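Q: Coordinates for the following, if possible.
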Amino acid sequence: MTQSWTGASLASRFKHRFVYALIFIGGRFLAYLFLYPLVLAYTLSPSIRRKSRAYIQRRFSPRSAWQFFKHAYRLNLTFARTLTDRAALGILGRVDIVSSQEDRALCQRLADEHKGVIMLSGHCGCWQQAAASIHFFNAPKYIVYYRNPKDNDKMVHEHRSAKAPFTFINPAGPLGGVVEMMAALRHGGVLCAMGDRTFGAAGNSLRARFLGGSVALPYSFYRLAACTGAPVAVMFFPWLGEGRFGAEIAEVFTVPDLGPDKQNYAPYAQKFADALEAFCVKYPYQFFNYYNFWETN
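A: Have a look, this model is predicted:
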């Protein structure tokens, strides 16, 4: 399978540092003002618009180039705001998390079972802030994360020159990090991962229906759940406005051991895809998987 994404930043290191300075001087409001012309300049670029074309066509079915441009601008502006809020959390140390009491209690019950928890999210909403802000799970957190050396954006803890409140597991490491993932779950940890992006060979993926087409989703998390007995919690973190994001549990399920045939686990990948589609219907400008997710592999 050809990897269609890189994780590299579009903006230069200077532009990131300039936004950080605006946040430090005038808070989120001043930085947000700068985003309007910046995002407009980026959206005018055909190569930038091409990155979101597949999603916009499937989600909105625009009837003209102008309609497509407006959707692309709104999508890019929301993404820029989430990145600005992530930086602001690190610089200013303030964020409001909106969640239900039921969801918080459910998170704690899952952690209290001491089987580990696989928390699956997607490239949508404020996933960057959630790992540094969510304390619902009273258990060690592990993040399955590949960081491109060309990623110029600082993580929340890096703004504070502090230690990360979680342990990184590199999916590009030996055996795709599976040994570290299993160890994390067997020690009762919360394994946070993205359920909407594959990493590595096509054999590591399953097909699922999403927004009228077929997409490749990672298979290993459902097999891990089956082998360890850890429940899967599908969670999303929508951006709700300046300095605010939600924490919503969309699905919780366990996966029985159905053997090594990956197709046996396709219904569980579909559960995730259905939850992600529902998120995109509710928050249409918050899906940030900037490549053709439906490309035939």
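
Q: quick one: the strands in the stretch 101-250 of the chain?
A: Using DSSP state E, counting those that start in this stretch, the strands found in the stretch 101-250 of the chain span residues 117-121, 141-144, 167-169, 190-194, 205-210, 213-218, 232-236, 239-241, 244-246, 248-253.

Q: Note down every partner strand of the fifth one and its orientation.
A: In the sheet containing strand 205-210, the strands it pairs with under DSSP bridges are strand 213-218 (antiparallel).

Q: now the first one
A: In the sheet containing strand 117-121, the strands it pairs with under DSSP bridges are strand 190-194 (parallel), strand 232-236 (parallel).

Q: tell me the secondary structure for the closest residue to Q57 other than its chain neighbours?
A: Closest residue to Q57 in three dimensions, ignoring its sequence neighbours and counting by C-beta to C-beta, 6 or more residues apart in numbering: F68, at 7.8 Å. Yep, even glycine has a C-beta here, placed from its N, CA and C like the rest. Applying DSSP: H, G, I helix; E, B strand; the rest coil to F68 yields a three-state assignment of helix.

Q: Now do the same contact list for F68.
A: When the contact criterion is C-beta atoms under 8 Å, 6 or more residues apart in numbering, the partners of F68 are 49, 53, 56-57, 62.

Q: Who wins on neighbours among the residues you listed?
A: Per-residue neighbour counts (other C-beta atoms under 10 Å) across these peak at I56, which has 22 neighbours.

Q: Surely that one touches L75?
A: Yes: in terms of C-beta atoms under 8 Å, I56 counts as a neighbour of L75; the distance is 7.0 Å.

Q: re earlier: now do the residue nearest to Q57 against R59, distance only.
A: 11 Å (C-beta to C-beta, to the nearest Å).

Q: ranking the strands of the stretch 101-250 of the chain by mean pLDDT, which is last?
A: Note on the strands of the stretch 101-250 of the chain: strand 167-169 shows the lowest mean pLDDT, a mean of 85.

Q: That one - which strands sit beside it in the sheet, and in what orientation?
A: In the sheet, strand 167-169 lines up with strand 141-144 (parallel) (DSSP bridges).

Q: ok, back up a step: pick out whichever of the contacts of F68 sits closest to N204.
A: The shortest gap between N204 and any of these belongs to R53, at 26.1 Å (C-beta to C-beta).

Q: wait, doesn't L191 sit right on A183?
A: No: applying C-beta under 8 Å, one finds L191 not in contact with A183, separated by 10.0 Å.

Q: Which elements pack onto the longest helix seen in the chain?
A: Using DSSP state H, we find that the single longest helix of the chain is helix 13-43. With contacts defined as 3 or more C-beta pairs under 8 Å, 6 or more residues apart in numbering; DSSP states H and E, the secondary structure elements packing on helix 13-43 are helix 65-92.
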